[in-house]
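# Here is the input, now give the coordinates:
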Amino acid sequence: METSDNLSYQSQAPKFIVDTDAGNDPDDLLGLLFLVANSADNIVGVTTNMYLPEEKARIVKAFLNLLGAEKIPVASGLGLKSTQDK
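Below you'll find the model as predicted:
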């Protein structure tokens with residue numbers, strides 16, 4: 001038998017962090033658009049990764065601002081070195 005505590009817990013939508021390499025292709029930004037449109041209150045934050053994560057964080061932050069979701073925090077993660085960076 002389920003208790004009222006279990007029912008309350010099950011009705012809450014999960015919170016999540018979006019990790020993206022947005023900036024080179026539109027796919028991640030389209031995914032972020034979908035998430036903001038449907039679950040903006042559940043996004044704890046967005047992190048960027050791969051090559052040039054600081055630049056990608058600026059792109060994501062500007063995109064979120066355009067969507068009216070400027071309250072979602074954005075942080076850049078560690079980047080990878082390109083084979084061209086030798």
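# quick one: low-confidence parts of this structure?
Across the chain, the ranges flagged by pLDDT under 70 are 1-11, 82-86.
# where do the strands sit along this structure?
16-20, 43-50, 74-79 (DSSP state E).
# any chance of the ones you listed in a markdown table, with mean neighbour count too?
No exception for glycine: its C-beta is placed from N, CA and C like everyone else's. Compiled in a markdown table, the strands of the chain are given as follows (neighbours: other CB atoms under 10 Å):
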| stretch | mean neighbour count |
| --- | --- |
| strand 16-20 | 15 |
| strand 43-50 | 18 |
| strand 74-79 | 16 |
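# In a markdown table: these, plus distance to Leu33.
Compiled in a markdown table, the strands of the chain are given as follows (distance: least, CB to CB, whole Å):
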| stretch | distance to Leu33 |
| --- | --- |
| strand 16-20 | 11 |
| strand 43-50 | 12 |
| strand 74-79 | 15 |
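# looking at the ones you listed, which is closest to Pro26?
Closest of the strands of the chain to Pro26 is strand 16-20, at 11.8 Å (criterion: CB to CB).
# That closest one: how far from the chain's middle?
4 Å (CA atoms, centre = their mean, to the nearest Å).
# What angle do strand 74-79 and that strand make with each other?
Here strand 16-20 runs at an angle of 50 degrees relative to strand 74-79 (axes from the mean of the first three to the mean of the last three CA atoms, to 10 degrees).
# Pull strand 16-20 out as CSV, backbone CA atoms only.
Presented in CSV, the C-alpha positions along strand 16-20 are these (Å, rounded to 0.1, in the frame of the first residue of the first chain):
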residue,chain,number,x,y,z
PHE,A,16,18.5,17.7,-13.9
ILE,A,17,21.8,19.3,-15.1
VAL,A,18,22.3,19.6,-18.9
ASP,A,19,25.8,18.8,-20.1
THR,A,20,26.4,20.0,-23.7
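# which neighbours does that strand have in its sheet, and in what orientation?
Looking at strand 16-20 with DSSP bridges, its partner strands are strand 43-50 (parallel).
# Pull out the CA atoms of the partner strand and give them to me as PDB.
Output of strand 43-50 as PDB, limited to C-alpha atoms (Å, rounded to 0.1, in the frame of the first residue of the first chain):
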ATOM      1  CA  ILE A  43      16.800  22.500 -15.100                       C
ATOM      2  CA  VAL A  44      19.300  23.000 -12.200                       C
ATOM      3  CA  GLY A  45      22.000  24.300 -14.600                       C
ATOM      4  CA  VAL A  46      23.900  23.800 -17.800                       C
ATOM      5  CA  THR A  47      27.500  22.800 -18.200                       C
ATOM      6  CA  THR A  48      29.600  22.900 -21.400                       C
ATOM      7  CA  ASN A  49      32.400  20.600 -22.400                       C
ATOM      8  CA  MET A  50      34.700  19.400 -25.200                       C
END
